[in-house]
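Chemist: no sequence on this one, just coordinates:
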């Protein structure tokens, strides 16, 4: 085989992997499960809608708006030596609010003129230029231990200059760092100069002992490059206007970084709840969203409602990311792929409408169901978009499982089976509050070998399922590894209480099941009961009724015969018109469960008129005979 043919075969295999047409039944079934799960989740929001998404909710609208307008995004270098260095540049302040407040108060108290600022920063500059981390830490620790009393501190610094032995000191003083000892007593780079720099630095610190300690501790915790960035930030503040200075300080205090080093400021996110805040408006909008999600779940106008459902779902996620959990992530992934693929091509109202139109056209042409239409009614046509969406879902799921499995190998919790124990006995998620479950767990741990074997088997099962699936699911072992995945998430649902998350993960696993298998389970049992319908295929009302019956006949139970009016026959015998609609619905497999609706007043009449229309007879007008001349 030539190289060109080999490359063409490889390229064709790649195209077939991603874009081969497949039965959309699998994607339709995934839409059904996902749609009703999404609907359930958002119905649950009804009870705390304003607490979750209102302007004064758990995460207020003002904070969300500031996040989407100001939040910094920083990225580090990808190539070169800088790729191995600290990714984030700029000044940093402490994470803890009380410490951050002390450091920000210190920064705001510094002079706004460069000539007044430099003496106060000279000591930090000095220790940063030593390039000796130990010496810098010792120097800052020395300053932290100095007295807040000016007279005592002056004596301490004087004895530092003189290197007074500990036994001869007049006041208690911290040990003199080795770095100071190595310096001469006088000169430009001497202990005398260091004492002046320390005094200027100390005077710029907060007068409160604890706040002063917070500032010095922050400088201690910064590495050399971060301290340099901190100093540069302080110096740059002297070159800007008062308004710009306040803006930079506020940004640093809130976001703990400098705006100028951000790759991007703000998050381009969308949420309906950024713009709707009145209680009545929120209730109406939420109600409309629930209707759209229901329409998506049943597969009505799926190409439109899938997009609207996804936009609605991310509106809730973006408005309050504090409620974001693994369930929301999996839900979002599924909605994206259901939006890409033609998820309404099977098991949907859209499919029923397509069946109705195909049957009506065939009946109009020939008075029966022709071969092409019968093939269309038997199963939905293969779809490229459905195959592409399913393949994306399958590959994505492999990455999810691989990441989950490999991350478990990194820590000790899974190696020593502590993670298994946390799964069994966590009171927040598990069944431990049930006495029978607690008794079972206690019985298991009374004998160490029993617990060890159970834990080892559970951990091994988890690793095989999560790390093995990305490789084995493409082989003949697919059915077994998919079943392992189902069992794994059934265990997560039972032992951790994560029902919706587990349901969505199982729904993603459905993507590996061929559509023919799902269709056989739903429509595989063919009924032997046959119903014959006679109709006049030239009558539009009769065509409508007959096409509607054919649309809900999934087991091919209806035979067609020509006639003058629509009539239902069972075993060759006509059914009385008053009970024909109910008899028809009871005979068809997929309408039998709701045939009782025919007995409901008003609704029953509406159903009967749809399946057995009463056509109006032609109206004959008798006109009086005119009196013509010569007639009697």
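Modeler: That came through, no problem. Note that the coordinates shown come from a computational prediction; the quantities given were computed from them, not determined experimentally.
Chemist: use CA for all of it now, contacts and neighbours both
Modeler: Noted.
Chemist: Domains in this structure, by residue range?
Modeler: Split into domains by automatic domain parsing, the chain comes to 81-265, 417-520, 531-611.
Chemist: Can you tell me what sits against stretch 409-427?
Modeler: 408, 430, 431, 432, 433, 441, 455, 456, 458, 459, 495, 496 (Cα atoms under 8 Å, 6 or more residues apart in numbering).
Chemist: secondary structure element for the closest residue to residue 500 other than its chain neighbours?
Modeler: With sequence-adjacent residues excluded and distances taken as Cα to Cα, 6 or more residues apart in numbering, residue 500 is closest to residue 327, at 6.6 Å. Element membership of residue 327, judged by DSSP states H and E, is helix 326-340.
Chemist: I'd like to know which elements the helix or strand that comes right after that helix is packed against.
Modeler: Tracing the chain past helix 326-340, the next element assigned as helix or strand by DSSP H and E is helix 349-366. Applying 3 or more Cα pairs under 8 Å, 6 or more residues apart in numbering; DSSP states H and E, we find helix 349-366 packed against helix 371-378, helix 540-551.
Chemist: what ranges of the stretch 51-200 of the chain fall below the confidence cut-off?
Modeler: 82-88 (pLDDT under 70).
Chemist: Can you tell me which of the contacts of stretch 409-427 are buried?
Modeler: 408, 430, 431, 432, 441, 455, 456, 459, 495, 496 (16 or more other Cα atoms under 10 Å).
Chemist: Can you tell me which of those residues lies closest to residue 315?
Modeler: residue 496 (27.7 Å; Cα to Cα).
Chemist: Residue 559 belongs to a strand, doesn't it?
Modeler: Yes: the assignment for residue 559 is a strand, going by DSSP: H, G, I helix; E, B strand; the rest coil.
Chemist: Make 46 the starting number, not 1.
Modeler: All right, first residue 46 from here; so that's residue 604.
Chemist: what's the closest non-adjacent residue to residue 197?
Modeler: residue 216 (7.1 Å).
Chemist: same deal with residue 655?
Modeler: Closest to residue 655 by Cα to Cα, 6+ apart is residue 590, at 5.7 Å.
Chemist: quick one, what contacts residue 636?
Modeler: So, once contact is read as Cα under 8 Å, 6+ apart, residue 636 ends up touching 597, 630.
Chemist: Next, it: phi, psi?
Modeler: phi -110, psi 0 (degrees, to the nearest 10).
Chemist: Tell me the spacing between it and residue 602.
Modeler: 12 Å (Cα to Cα, to the nearest Å).
Chemist: Next: residue 301.
Modeler: For residue 301, the distance to residue 602 - Cα to Cα - is 70 Å.
Chemist: And for residue 62?
Modeler: 37 Å.
Chemist: cool, and residue 484?
Modeler: 55 Å.
Chemist: which of those two has more neighbours?
Modeler: Neighbours per residue (other Cα atoms under 10 Å) separate residue 484 from residue 602, with residue 602 holding more: 17 against 11.
Chemist: The more buried one contacts residue 578, correct?
Modeler: No: using Cα atoms under 8 Å, residue 602 is not in contact with residue 578, being 10.5 Å away.
Chemist: And for residue 380, the neighbour number?
Modeler: For residue 380, using other Cα under 10 Å, the count is 22.
Chemist: no no, residue 489
Modeler: For residue 489, using other Cα under 10 Å, the count is 15.
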